[in-house]
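[1] okay, sequence plus prediction incoming.
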Amino acid sequence: MLTEPPILVPPRLKAGDKIRFVSPASTPEKEAVLARAKVLESWGFHVDFGSHAFDKFGYLAGRDEDRLADLNEALRDPEVRAIFATRGGKGSFRISEQLDFEAVRRDPKPLVGFSDITALHLVLWKECRLVGVHGALMDDATWPSDTNSGGDCLFRLLTSGADYVLDARESEPTIATTTDGLARGRLIGGNLSMIATCAGWSLPNLAGAILLIEAVSIGIGQVDRELTMLRKAGHLDGVAGFAIGQFTGFDDARYPVLVDLLRDHLGRFEVPILGGLPLGHGDWPLSVPIGAMAILDARNRRLMVSQSALQ
C-alpha cells in the first residue's frame, strides 16, 4: 500500500528572520512594495529582494529564467525563512514546474501570495505537500493597520501556532451560496482561473479537500466555463466542501446570476458550501493557510483552521 508523503509545515517566523520578496508573475508597483517592506521590518523581520523583483519584460516581471532564478535562489538560501510574492498578475504558471522541489523538501519555508500565485501553491502542494499562505500580496494599495486588518492577520499566521478562525462576512455577495453542514479536510485552492489553468498538469488531487475559490474581473461566462471544465473532467470529484471567497469586478446587478451559477455547479456535489469569506481581491481581504487542516462550518458560517500555517 502506498503511503502519502509527509505534510511539510514550515517553522514559525521569529524576530530577526529574513523575508525575501520575489516577483514570479507581473511587475509590482515599487513604492507600494517598499512601503510594505517597512511594515514587515517594523515587526522585527529583515527584508531583502530578489535580483529581478522589479524587472519588466512585457507583462512579466522579467524573463522566465530570471523570475525562476529568483524564486529558486530564495528556496535554496538557508537564511531566507519566508518568501513573499510582490504581486500576482500573470506568469507564475510559466515557471511552476521548474521549481527546486528538492530544496523545498530539505528546508520548507512558507510562500505568501495569492491570485496568480495560486499556480505555485498548487504545484508545491502536489509535489511537496508544502503548507503556504494565501494572501498578502505586497503591492496592495490598501493594507489597514487596525487589529482586524490583513496585516494583523498575516502577522498572527506567520508567528503564532494558535488555531485560526475566519468568519464569513454578510456583506460579501457570495454569502448567498452558503448551505448547511460540516466538512473537514485540507484547505486547497485559491484563484479559480489558476485552478482551471493548472488542471491536467499541476493541479493536485482534490479528493477529501476543502476547495477554496475566488475570482476577479472575469465574466460570468468564464466562471461558467472554468467550473464546467473542472466538474466534467472529474477534478472536483470527492471534494469535502467548498469555501467561496470574494468574486470581485462583477456588476452588482449580475451577482444574483453569479450566485445561481455557483449553486448550480457546486450544489451537485451535495457537500457543505460556505460563501462570504474575506479571501481574494475584494475589500480588506485576509490571509489563510493553504494546505492546513480545516473545518468548514457552513451552519455557523465559519472556517476554522485546526492546524496553524507554521509550526
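    It's in. Numbering: from 1, shown residues only.

[2] so where's the stretch 51-200 of the chain shaky on pLDDT?
    Residues of the stretch 51-200 of the chain that meet the criterion pLDDT under 70 lie in 137-148.

[3] now do the helices in it.
    All helices of the stretch 51-200 of the chain, identified by DSSP state H, counting those that start in this stretch, fall at 64-76, 101-106, 118-128, 150-159, 192-198.

[4] mind putting the ones you listed into JSON lines with mean neighbour count?
    For every residue, glycine as well, the C-beta is placed using N, CA and C. As requested, the helices of the stretch 51-200 of the chain are arranged in JSON lines below (neighbours: other C-beta atoms under 10 Å):
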{"stretch": "helix 64-76", "mean neighbour count": "19"}
{"stretch": "helix 101-106", "mean neighbour count": "16"}
{"stretch": "helix 118-128", "mean neighbour count": "25"}
{"stretch": "helix 150-159", "mean neighbour count": "20"}
{"stretch": "helix 192-198", "mean neighbour count": "24"}
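
[5] with distance to Ala136 added, can I get these in CSV?
    Formatted as CSV, the helices of the stretch 51-200 of the chain follow (distance: least, C-beta to C-beta, whole Å):
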stretch, distance to Ala136
helix 64-76, 16
helix 101-106, 20
helix 118-128, 13
helix 150-159, 5
helix 192-198, 17
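
[6] any idea which of those gets closest to Thr179?
    Proximity to Thr179 (C-beta to C-beta) singles out helix 192-198 among the helices of the stretch 51-200 of the chain, at 18.8 Å.

[7] the nearest residue to Gln98 once chain neighbours are set aside: what's it in contact with?
    Leaving out its chain neighbours, the residue that sits closest to Gln98 by C-beta to C-beta, 6 or more residues apart in numbering is Leu68, at 5.5 Å. By C-beta atoms under 8 Å, 6 or more residues apart in numbering, the residues touching Leu68 are Pro24, Ile95, Gln98, Leu99.

[8] my guess is Val39 is in a strand, correct?
    No. Going by DSSP: H, G, I helix; E, B strand; the rest coil, the assignment for Val39 is helix, not a strand.

[9] state the pLDDT value of it.
    Listed pLDDT for Val39 reads 90.

[10] wouldn't it be in contact with Ser149 here?
    No. Applying C-beta atoms under 8 Å, one finds Val39 not in contact with Ser149, separated by 10.5 Å.

[11] related to what we said a few turns ago, between the helices of the stretch 51-200 of the chain, which one is closest to Ala82.
    Closest among the helices of the stretch 51-200 of the chain, using C-beta to C-beta: helix 150-159, at 6.7 Å.

[12] and the closest one, what other elements does it pack with?
    strand 132-134 (3 or more C-beta pairs under 8 Å, 6 or more residues apart in numbering; DSSP states H and E).

[13] was I right about Leu158 contacting Leu13?
    Yes. If you go by C-beta under 8 Å, Leu158 and Leu13 touch, sitting 4.6 Å apart.

[14] quick one: the strands in this protein?
    18-22, 46-49, 80-85, 111-113, 132-134, 164-167, 182-191, 210-216, 241-248, 273-274, 288-290, 293-297, 302-305 (DSSP state E).
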